[in-house]
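>>> Here is a sequence with its predicted model. Questions after.
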Amino acid sequence: MKQLLIKNIKQLVQVEKENQPYIAGAQMAQLPSIDNAYLLIKGAYISAYGPMSELNEAALPADVEVIDATDRLVLPAWCDSHTHLVYPKSRDVEYVDKIKGLSYEEIAARGGGILNSAKLMQTASEDQLFDDAMVRLQEIITWGTGAVEIKSGYGLTLDSELKMLRVIKRLKEASPLTIKSTFLGAHSIPMEYRGQQEKYVDLVINEMLPAVAKEKLADYVDVFCDVGFFTVEDTDRILNAAAKYGLTPKIHANELDYSGGIQVGVKYNALSVDHLEFTGEEEMKALKDSGTMPTILPGAAFFLNMAYAPARQMMAAGLPVALASDFNPGSSPSGNMQLIMAMGSVLYRMLPEEVIHAVTKNTAYAMGVDKELGSICVGKKANVVITKPIPGIEYLPYAYGENKVETTILNGAVS
Ligand SMILES: N=CN[C@@H](CCC(=O)O)C(=O)O
Ligand SMILES: [Zn+2]
């Protein structure tokens, strides 16, 4: 089997002897690393690592491929556990409305926002959606992403939701990235259902969910549980129905208000609850030891000029925190996880060690791939990044405009 040796690594970051599902509270500030290290990859998996002093290069096969990482750091590739990166077109027009002062809810209420994308989605071809999304995937690989979750939710009709999910299925097959798909039929209420949204919820439950399950198109289910969108009762109904198909929830919650989304997500053992701008003591109590990953989406809060989720209070309460990009055309038009790390650090006061855990281990958990990704651990998939020559981990969030990643390795191969 083909072997790849990365040697003379200035710092091998986030090594783990045994896989821990996620990192919480004060432990997030501890980042186990090895200076002057090597990493050995066999096929698609990590087979060994350690200090250079323990490397017996002579014992390796003659055809081993060698990368010299002098002055460079090696880290697990980022896991981006929340995106909407299959979409028909950018929404830069709304951007100007936002600058002029229209709120996210005001844009949505007059048929803009998610409904704008949903309208375009009706006529978008599957091939065009696939080609555009492949370009976006290629770009995020260059920024160091190794795994990504992608949601439907710009369809909002049976056919269009299935179209989006089929595109995601094709992306899974065509891309070297590890991809998980999430059914988000309950992303917004179509205009014709306004005032009778329970009928749209019926459609999601009775028509969309069975069709999605029949074609095995989704790994997870999501609901936008927030003011002006879906209520706790709607969410409860959808998650209850989804559980019968074995679909675990990942919920959009508490972005616009104390919506009860966090609590209903925890009630249904959601893998993650995401956004969380409106998180108080009660919400943190519900999250404690729940197994539900609190996931903050700094790109959306920054772009929409929202309040910032209380990341430091969450960690002080012993909770884990994950950071994802929310890459979408309306509220976070970037999948650059290095920028997310910078935002985590500057806007949420998270330490470099904490942001690294938040975009690797904790997002791996939030998208259900923690056993295979998220750390440098023997037996895990070899999805790693080699940085350019940089001074240390602090430089990753500090130099927010630069691409610090030189090489992304996915499944043991340079991508
Ligand atoms: N908050 C809800 N949904 C997306 C927004 C999608 C859009 O505006 O197109 C989000 O996560 O930010
Ligand atoms: Zn989202």
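That came through fine. Ligands and ions are numbered 1, 2, ... in the order given.
>>> Spell out which parts of the chain neighbour ligand 1.
The chain comes close to ligand 1 at residues 84, 113-114, 117, 224, 252, 255, 300, 326, 328-332, as judged by Cβ under 6 Å from any ligand atom. For every residue, glycine as well, the C-beta is placed using N, CA and C.
>>> Tell me the pLDDT of Ser325.
pLDDT, Ser325: 98.
>>> same deal with Leu304?
The model reports Leu304 with a pLDDT of 89.
>>> Could you measure from Val355 over to ligand 1?
To ligand 1, Val355 is 20 Å away according to Cβ to the nearest ligand atom, to the nearest Å.
>>> quick one on the thing from earlier: can you flag which of the residues of the chain next to ligand 1 belong to helices?
Among the residues of the chain next to ligand 1, the residues falling in helices (DSSP state H) are 114, 117, 300.
>>> So Tyr104 sits against Asn305, correct?
No - under the criterion of Cβ atoms under 8 Å, Tyr104 makes no contact with Asn305, lying 9.5 Å away.
>>> overlap in contacts of those two?
Listed as contacting both Tyr104 and Asn305 by Cβ atoms under 8 Å, 6 or more residues apart in numbering are Lys98.
>>> Which one of the two is surrounded by more residues?
More neighbours surround Tyr104 than the other of Tyr104 and Asn305, with 23 against 11 (other Cβ atoms under 10 Å).
>>> Give me the neighbour count for Ala324.
Neighbours around Ala324, by other Cβ under 10 Å: 33.
>>> residues in contact with it?
Taking Cβ under 8 Å, 6+ apart as the test, what Ala324 contacts is 80-83, 149, 274, 295-297, 340, 359, 363, 366.
>>> need those residues in a markdown table with distance to Val201, can you?
Below are the contacts of Ala324 laid out as a markdown table (distance: Cβ to Cβ, whole Å):
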| residue | distance to Val201 |
| --- | --- |
| Asp80 | 29 |
| Ser81 | 25 |
| His82 | 22 |
| Thr83 | 24 |
| Glu149 | 23 |
| Asp274 | 20 |
| Thr295 | 24 |
| Ile296 | 27 |
| Leu297 | 24 |
| Ile340 | 32 |
| Val359 | 33 |
| Thr363 | 29 |
| Ala366 | 25 |
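>>> quick one: which of the residues you listed sit in strands?
When DSSP state E is applied, the contacts of Ala324 are split such that 80, 149, 274, 295-296 fall in strands.
>>> which pair in those spans the largest distance?
Farthest-apart pair in the ones in strands among the contacts of Ala324 is Glu149 and Ile296; separation 15.0 Å (Cβ to Cβ).
>>> tell me the phi and psi of Val414?
When read as degrees, to the nearest 10, the backbone of Val414 gives phi -70, psi 130.
>>> wouldn't it be in contact with Val405 here?
No - in this structure, Val414 is not within contact of Val405 by Cβ under 8 Å, at 12.0 Å.
>>> More neighbours: which of those two?
Val405 (23 against 11).
>>> distance of that one from Pro391?
15 Å (Cβ to Cβ, to the nearest Å).
>>> Same check on Glu161?
47 Å.
>>> More neighbours: which of these two?
Glu161 (28 against 11).
>>> got any ranges where the stretch 201-350 of the chain has weak pLDDT?
Along the stretch 201-350 of the chain, the model assigns pLDDT under 70 to no residue.
>>> just so I have it, where are all the helices in it?
Using DSSP state H, counting those that start in this stretch, the helices of the stretch 201-350 of the chain run over residues 209-214, 232-243, 261-267, 281-287, 298-303, 311-316, 337-348.
>>> how about Val385, secondary structure?
Look at Val385: counting by DSSP: H, G, I helix; E, B strand; the rest coil, its state is strand.
>>> shouldn't it be in contact with Asn403?
No - counting by Cβ under 8 Å, Val385 does not reach Asn403; the two are 10.5 Å apart.
>>> Would you mind telling me which of the two has more residues around it?
Val385 (27 against 14).
>>> what sits against the more buried one?
Residues in contact with Val385 (Cβ under 8 Å, 6+ apart) are 74-78, 144, 146, 405, 407-409.
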